[in-house]
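Participant: okay, predicted coordinates and the sequence, questions at the end:
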Amino acid sequence: SISKTETSTYLINAYLDYNQTFGKHTLSAVLGFSQDYVHYSSLSVNLKRLFSADVLKPGAAEDITLHTISTSEQRRTSRAGFGRINYNYDMKYLLSLSIRYDGSSHFAENHKYGTFPGISAGWNVHREAFFEKLTPVVNNFKIRGSWGKAGNDNLSLANTQGKYAAGNNYGGEAGLLNTVLANSDLLWEETTSADLGFDLGLFNNRISLTFDVYRKETSNRLIDEKLWSETGFSSIKSNYGSLITKGLETSISATAIQTRDFTWDIDAGFAFFRTIVGKLPNNGVPRNRINGGVIFDEKLGKYIEVG
C-alpha cells in the first residue's frame, strides 16, 4: 500500500494598539483581525500482487493490479474581528469592554458568524482614603465582577453539508451513499458566564485569599442527536437544549515561614459546582427526556419511560 498525507496551515494576525495616560486616567485599546486556514489532504492506494499459477509457463510473471484507492480532503477557515477597551481611574476603578465577531466555514452560509461581547469591572478598595487605617493589616482588597459570551464551533463541514461515500452499488449500478446527514440550520454554541468575587491580601500578602461565585449557561449545545434506526442514520448534529452550571471557588495561600534561606508556603482550595439541564426541545415525552428507555412496570401494569 502507498499513502500520503499533507497538511497546510496559514495564519494571519493584525492589530492596532493604543495607550494613553492623562492625569489619573489611563486608557488602552486594541483593535484586531485574525484568520487561519487549514488544508488537509490524503491519498491511499492498495495494490494486489498476483502470481501465475503455472510458474513454468513461458512469460509467466507477477502482475500488479489496483485493489482500492481512496482520497480525502478537508478545508477549514476561521475568521475573527475583535476589539477591547481598558480604562482605570487612579488604579481604583477598573473597567474593560470587549467584543468578538467570529466566523467559521463549517457553518451554513446564513449562520457562519456569531457576536460575543464581554464586560468586567473592578474596585481596588484598599486605594481609597477611608481604607488607609486598615492597610497595615489588609494591604490588598479588590472586588470584581464580569459577564461575557464565548462561542464554540466544534463540528465538521459534513455536519452542515452532508457526507457521501463512493463504491456503493444500487440496483446493479454505481452509486453514492449518504453517510452523514446534513443540518444546515446549525448555530454557534454559546456559553454565557457571570462571575462575582474578591481578592484579599493580609500582612503584606503573607496571607492571600480569593473567592468567586459564578454561573454559566451553555445554549444551542452542539451534540449528536440520536435518530430512530428507520431513518438509516444513527444520529444528526443538532443544537439541543441548554446546561446551567452554578458554583463557587475559594483558595487561600500563606507564607508560614520566610527567612533568608528558607520559605514555607501553604496553599489550600475548595470548589463546589452543580450542573442542571436548563432546557430541552419539546419532543412530546414527559419532561422532554432523551436517550431513555421503555420498560414494563408490573405494579402499574403498563409500559413506562425511564432514564
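Facilitator: Thanks, I have it.

Participant: which residues in the stretch 151-300 of the chain form helices?
Facilitator: With helices called from DSSP state H, counting those that start in this stretch, the stretch 151-300 of the chain shows them at 157-161.

Participant: what residue ranges in it score low on pLDDT?
Facilitator: Counting by pLDDT under 70, the stretch 151-300 of the chain contains low-confidence residues at 283-293.

Participant: 90 instead, please
Facilitator: For the stretch 151-300 of the chain, the stretches with pLDDT under 90 are 154, 156-157, 161-179, 225-234, 240-241, 256-262, 277-300.

Participant: gap between the two ends of stretch 180-196?
Facilitator: 43 Å (C-alpha to C-alpha, to the nearest Å).

Participant: list the buried ones in that stretch?
Facilitator: Residues Val180, Leu181, Ala182, Asn183, Leu186, Trp188, Glu189, Glu190, Thr191, Thr192, Ser193, Asp195 are the ones in stretch 180-196 that count as buried (16 or more other C-beta atoms under 10 Å). For the C-beta atoms, the positions are set from N, CA and C on the backbone; glycine is no exception.

Participant: please name the nearest non-neighbouring residue to the third one.
Facilitator: Yep, that's Ala182 we're talking about. Nearest-residue entry for Ala182: Gly162, 3.5 Å, with adjacent residues in sequence omitted and distances by C-beta to C-beta, 6 or more residues apart in numbering.

Participant: quick check: the one you found touching Val180?
Facilitator: Yes: counting by C-beta atoms under 8 Å, Gly162 does reach Val180; the two are 5.8 Å apart.

Participant: host element of Phe141?
Facilitator: Using DSSP states H and E, the element containing Phe141 is strand 138-152.

Participant: could I get that strand in PDB with only the CA atoms?
Facilitator: C-alpha atoms of strand 138-152 as PDB (Å, rounded to 0.1, in the frame of the first residue of the first chain):
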ATOM      1  CA  VAL A 138      -5.300  44.500  54.800                       C
ATOM      2  CA  ASN A 139      -2.900  45.700  52.100                       C
ATOM      3  CA  ASN A 140      -5.000  44.400  49.200                       C
ATOM      4  CA  PHE A 141      -8.800  44.300  48.800                       C
ATOM      5  CA  LYS A 142     -10.300  44.100  45.400                       C
ATOM      6  CA  ILE A 143     -13.900  43.500  44.400                       C
ATOM      7  CA  ARG A 144     -14.500  42.400  40.800                       C
ATOM      8  CA  GLY A 145     -17.200  41.100  38.500                       C
ATOM      9  CA  SER A 146     -17.500  40.000  34.900                       C
ATOM     10  CA  TRP A 147     -20.000  38.900  32.300                       C
ATOM     11  CA  GLY A 148     -19.400  37.600  28.800                       C
ATOM     12  CA  LYS A 149     -20.200  35.200  26.000                       C
ATOM     13  CA  ALA A 150     -18.000  32.700  24.200                       C
ATOM     14  CA  GLY A 151     -18.700  30.600  21.100                       C
ATOM     15  CA  ASN A 152     -17.900  27.000  20.100                       C
END
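
Participant: show me what contacts the most centrally placed residue in the chain?
Facilitator: Taking C-alpha atoms, centre = their mean as the criterion, Asn152 is the residue nearest the geometric centre of the chain, at 4.4 Å. By C-beta atoms under 8 Å, 6 or more residues apart in numbering, the residues touching Asn152 are Trp188, Glu189, Glu190, Thr191, Leu222.
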